[in-house]
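Visitor: here is the input, now give the coordinates:
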Amino acid sequence: MSVPCYGLNGRVCLITGGSRGIGLEIARRLLRDEGTKVALCARKQEGLDAAVAELGAGENLLALPAHIAREEDVAGLFSRIEEVFGRLDVLINNVGMNLLTASTADAEPATWQKIIDTNLNGTYLCSRAAAQIMKRQGKGKIVSISSIAARRSAPGMGIYSVAKAGIEALTRVLAVELAPDNIQVNAVAPSMVKTGFSRPFWSNPETHDEIVKGIPLGRLAEPADIVEPVLFLCSDGAGFITGQVINVDGGATIA
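Guide: Residues are numbered from 1 along each chain as shown. Prediction:
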């Protein structure tokens, strides 16, 4: 089967949380099929080292450790990307984390803060930094990975759901504010994707089967399923699309 080409050759893309799962799969496609220059960031150097070894993209790949919930880390990250590549055309906000919480109302404030910081505040800080560069360039694309959990309550994922709902609201706000600068801001909302992040759910056969029952297409998403809509939103073909959240859920939200 032929692989779609989205015309991203030579563009510079930053993928946060790019050392594994969805982020790594997006990086693989950008480097292998699109001729894109890619910057990856993640918190752990060992994860980045493994990603670089797997991708093997030479001078087109830049891997930088950063904690995106820390303003100083974000400033250093974007400064380094401009220094090496000279520009930034696409930001893909992919970082996501969750700590299973039986009850949001009973969760420790520190747990709340950690989940909100990593998911929502990190997305804000990176989008803010990217917007400053893209405004100077006169164009850009920001695509965030949300979740259908933003609009549904699920056991153990209450705070995560709130954070993802915030990302979707941020997407709409930034889309309006940055439209005069020719910057499109959109999001992709998957159902459960079969990655290490969601392993506590899908690795249990009973839980897996229960989740799949609610998905009309009859399976969990794979990381590759998320890549195509993300790359489309990064492309010129999505130049008149902004402020939108595309569900990539096998029909789960309409079942």
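Visitor: and the strands in the stretch 151-255 of the chain?
Guide: Along the stretch 151-255 of the chain, the segments classed as strands by DSSP state E, counting those that start in this stretch run 183-190, 245-248.
Visitor: winner for burial among the ones you listed?
Guide: strand 183-190 (a mean of 25; mean count of other CB atoms under 10 Å). All C-beta atoms are positioned from the backbone trio N, CA, C, and that covers glycine.
Visitor: report the mean confidence score over that strand.
Guide: For strand 183-190, the mean pLDDT works out to 98.
Visitor: for stretch 236-250, same thing?
Guide: 97.
Visitor: how far does that stretch stretch from one end to the other?
Guide: 26 Å (CA to CA, to the nearest Å).
Visitor: can you check stretch 54-70 too?
Guide: 28 Å.
Visitor: quick one: contacts of it?
Guide: 16, 18-19, 24, 27-28, 31, 35-45, 48-49, 51-52, 73-74, 76-77, 80-81, 84-85, 95, 117-118, 121-123, 125-126 (CB atoms under 8 Å, 6 or more residues apart in numbering).
Visitor: give me the buried entries from the residues you listed.
Guide: 16, 18-19, 24, 27-28, 31, 36-43, 48, 51-52, 73-74, 77, 81, 85, 95, 117-118, 121-123, 125-126 (16 or more other CB atoms under 10 Å).
Visitor: with distance to P109 added, can I get the strands of the stretch 151-255 of the chain in CSV?
Guide: Formatted as CSV, the strands of the stretch 151-255 of the chain follow (distance: least, CB to CB, whole Å):
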stretch, distance to P109
strand 183-190, 27
strand 245-248, 29
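Visitor: G196: which of these is closest?
Guide: strand 183-190 (14.7 Å; CB to CB).
Visitor: okay, now the sheet partners of that closest one, with direction.
Guide: Strand 183-190 pairs in its sheet with strand 140-145 (parallel), strand 245-248 (parallel), by DSSP bridges.
Visitor: for the top helix by length along the chain, buried residues please.
Guide: Assignment by DSSP state H gives helix 158-178 as the longest helix of the chain. Buried residues in helix 158-178, counted by 16+ other CB under 10 Å: 158-168, 170-172, 174-175, 178.
Visitor: helices and strands around that helix, which ones?
Guide: helix 109-116, helix 122-137, strand 140-145, strand 183-190 (3 or more CB pairs under 8 Å, 6 or more residues apart in numbering; DSSP states H and E).
Visitor: low-confidence ranges, the protein, go.
Guide: Along the chain, the parts satisfying pLDDT under 70 run over 1-2.
Visitor: okay, which residue is most central for it?
Guide: By CA atoms, centre = their mean, the chain has its centre lying nearest to N94, at 2.0 Å.
Visitor: quick one: residues contacting that one.
Guide: If you count contacts by CB under 8 Å, 6+ apart, N94 has them with I15, T16, G17, G18, I22, G23, I26, S144, I145.
Visitor: ok, which pair from these is furthest apart?
Guide: That would be G18 and S144, which, of the contacts of N94, are the farthest apart (CB to CB) at 13.8 Å.
Visitor: joint contacts of the two?
Guide: I92, N94.
Visitor: how about the helices and strands packed on helix 158-178 in JSON lines, adding distance to N204?
Guide: As requested, these are arranged in JSON lines below (distance: least, CB to CB, whole Å):
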{"stretch": "helix 109-116", "distance to N204": "22"}
{"stretch": "helix 122-137", "distance to N204": "29"}
{"stretch": "strand 140-145", "distance to N204": "24"}
{"stretch": "strand 183-190", "distance to N204": "19"}
